[in-house]
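**Q** need a 3D model of the following:
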Amino acid sequence: MARCRGGWLAVLMALNVVTFVAPAGARDVTPLKLGRGARVGVISLLDAEVTHFHAAKSIKDTALHTEPVDWSVPNMLYEALRERAAQMGLVLVPLAPTEELQRSRESCFLNGEFNKKLPKDCVIPFEHLGSDQRLDAVIALAPGLNNSAHAGSSRRKEMQDYVRGWGVETGDIDSPDGKPSLFSMTELLLVAPSPEGPVLRGREWGGNYTLGWASYVAPSDPKTLPPNSYPQLQPLFSALLARQAGRLMDQIEVAP
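**A** Below is the predicted model:
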């Protein structure tokens, strides 16, 4: 992915394109304390795909379609973290998902609940990853579900509970200009070792953020996205991820 000076978020904000809805209330957590030079693993288990949900008053006029895209989600995650990590003196270690994490993707990330602690099916895979790579912490991007366990009050009631990952909503939506909104059913997690094993030290739910697609021009068939949509959408999702990553990084404190 081409690197944009100042980051996707700064550019899009300057163009007055991005509109975020901040989470309702800050999460009261004790920051994870790390030393300068700490090794932080960065790993993505999010599929490179975009879901299009078209809302309508009649159920027969709604549509739901998921399309794979050629984006490098691991690179997008790394870029979202890179500048802030460098300022804090942390060393990011990009990693591919281990077989253990891949096998536990459903039970750990999709069926698990992250409100209080790391689900039990996540513990051993993260323990092995941390020890094998000599990590002081891990930041993981994973899919979440549009249900109460993941989304809480930010659940989109017009969509099915099984909707996951990145997507676009068009149709009968609550938008001042009638433009589509992007959504992110994703979990961004901060996991760190402890004497009792890996623990969840930070969490940022992507569903707390929305973003408008200002350049959208409706096609003749509203149930489809216009041709050439995905090159427009990648920088927007990068901006969404940058905001999510920034708030997760706020949950880390680096010793001077």
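**Q** show me the helices in the chain, by range?
**A** For the chain, the helices defined by DSSP state H occupy 7-14, 73-88, 99-103, 120-133, 148-151, 229-249.
**Q** where does the prediction get shaky in the stretch 51-200 of the chain?
**A** 173-178 (pLDDT under 70).
**Q** hmm, 50 instead?
**A** In the predicted model of the stretch 51-200 of the chain, no residue satisfies pLDDT under 50.
**Q** distance of the residue lying closest to residue 245 once chain neighbours are set aside relative to residue 186?
**A** In space, residue 245 comes closest to residue 80 once its chain neighbours are excluded; the distance is 4.0 Å by C-beta to C-beta, 6 or more residues apart in numbering. Backbone N, C-alpha and C define where each C-beta goes, glycine included. The spacing between residue 80 and residue 186, counted by C-beta to C-beta, to the nearest Å, is 12 Å.
**Q** with residue 160 instead?
**A** 17 Å.
**Q** next: residue 38.
**A** Going from residue 38 to residue 186 by C-beta to C-beta gives 24 Å.
**Q** for the two, indicate the residue with more neighbours.
**A** Neighbour count, other C-beta atoms under 10 Å: between residue 38 and residue 186, residue 186 has more, with 28 against 20.
**Q** right, and the more buried one touches residue 141 too?
**A** Yes - using C-beta atoms under 8 Å as the test, residue 186 is close enough to residue 141 to be in contact (6.2 Å).
**Q** so what sits against both of these two?
**A** Any residue near both residue 186 and residue 141 by C-beta atoms under 8 Å, 6 or more residues apart in numbering counts here, and that gives residue 46.
**Q** re the thing from before, what do residue 80 and residue 186 both touch?
**A** Joint contacts of residue 80 and residue 186 (C-beta under 8 Å, 6+ apart) are residue 244.
**Q** for the one residue sitting closest to the centre of the chain, which non-adjacent residue is closest in space?
**A** Closest residue to the average C-alpha location of the chain: residue 186 at 4.2 Å, with C-alpha atoms, centre = their mean. Using C-beta to C-beta, 6+ apart and skipping residues adjacent in sequence, the residue nearest residue 186 is residue 206, 3.8 Å away.
**Q** which other helices and strands contact the longest strand that the chain contains?
**A** Ranked by residue count, the top strand of the chain under DSSP state E comes out as strand 181-192. Secondary-structure packing of strand 181-192 (3 or more C-beta pairs under 8 Å, 6 or more residues apart in numbering; DSSP states H and E): helix 120-133, strand 137-143, helix 148-151, strand 165-171, strand 199-205, strand 211-212, helix 229-249.
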